[in-house]
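Asks: mind looking at a prediction? Sequence and model below.
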Amino acid sequence: MTAGQILASVAGSEVPTLTSFVGGRPLSAGSDRTLDVFDPARGQLIARIADAGQAGVAAAVEAGGAAFANWRRVPARERGALVAELARRIDAEADRLAELDALDTGNPVSEMRADVTK
């Protein structure tokens, strides 16, 4: 979802509820609790995120451990190529990522773009 889509949905009073992903799959929160996300520059509610709770954190830690076990078996040259591809994809989405970061933090997009491209 782009910053523009988030703002448009909020303007229409439809505040999106976002979920977390763990191990490549949506995390079932285990409860209906959500956390509000505000645009600090406007004080406006811009989204809700599922509250993962302790079970979600434990699932993320477990998935991270499993991912690391697999990652360490990948040859260094292949890991390097994968990291370079990730960097390329981040660069390709730098403007959109900067807008989302600015919306979340209240900082200028130009500053957030610098953070994304460092």
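Replies: Here it is on my side, so go on.

Asks: identify each buried residue in the helix ranked longest in the chain, please.
Replies: Longest among the helix segments of the chain by residue count, using DSSP state H, is helix 53-71. Residues of helix 53-71 classed as buried by neighbour count (16 or more other CB atoms under 10 Å): 56, 59-60, 63. Placement of C-beta: from N, CA and C, glycine included.

Asks: show me what that helix is packed up against.
Replies: In terms of contacts (3 or more CB pairs under 8 Å, 6 or more residues apart in numbering; DSSP states H and E), helix 53-71 is packed against strand 21-22.

Asks: look up the closest residue to the residue nearest in space to the middle of the chain, ignoring the ones flanking it.
Replies: For the chain, S20 is the residue whose C-alpha lies nearest the centre (CA atoms, centre = their mean; 8.0 Å). Excluding the flanking residues, the one nearest S20 by CB to CB, 6 or more residues apart in numbering is L27, at 4.5 Å.

Asks: columns pLDDT and distance to D95 on top of the buried residues of helix 53-71, output as JSON lines?
Replies: Listed next are the buried residues of helix 53-71 as JSON lines, based on pLDDT from 0 to 100; distance: CB to CB, whole Å:
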{"residue": "G56", "pLDDT": "88", "distance to D95": "30"}
{"residue": "A59", "pLDDT": "90", "distance to D95": "32"}
{"residue": "A60", "pLDDT": "92", "distance to D95": "28"}
{"residue": "A63", "pLDDT": "95", "distance to D95": "30"}
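
Asks: can you pull out the strands in this protein?
Replies: 17-18, 21-22, 25-26, 34-39, 44-50 (DSSP state E).

Asks: can you put those in JSON lines and add mean neighbour count, distance to L86 and mean pLDDT?
Replies: Formatted as JSON lines, the strands of the chain follow (neighbours: other CB atoms under 10 Å; distance: least, CB to CB, whole Å; pLDDT from 0 to 100):
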{"stretch": "strand 17-18", "mean neighbour count": "12", "distance to L86": "22", "mean pLDDT": "86"}
{"stretch": "strand 21-22", "mean neighbour count": "14", "distance to L86": "16", "mean pLDDT": "90"}
{"stretch": "strand 25-26", "mean neighbour count": "10", "distance to L86": "20", "mean pLDDT": "88"}
{"stretch": "strand 34-39", "mean neighbour count": "14", "distance to L86": "25", "mean pLDDT": "90"}
{"stretch": "strand 44-50", "mean neighbour count": "16", "distance to L86": "23", "mean pLDDT": "88"}
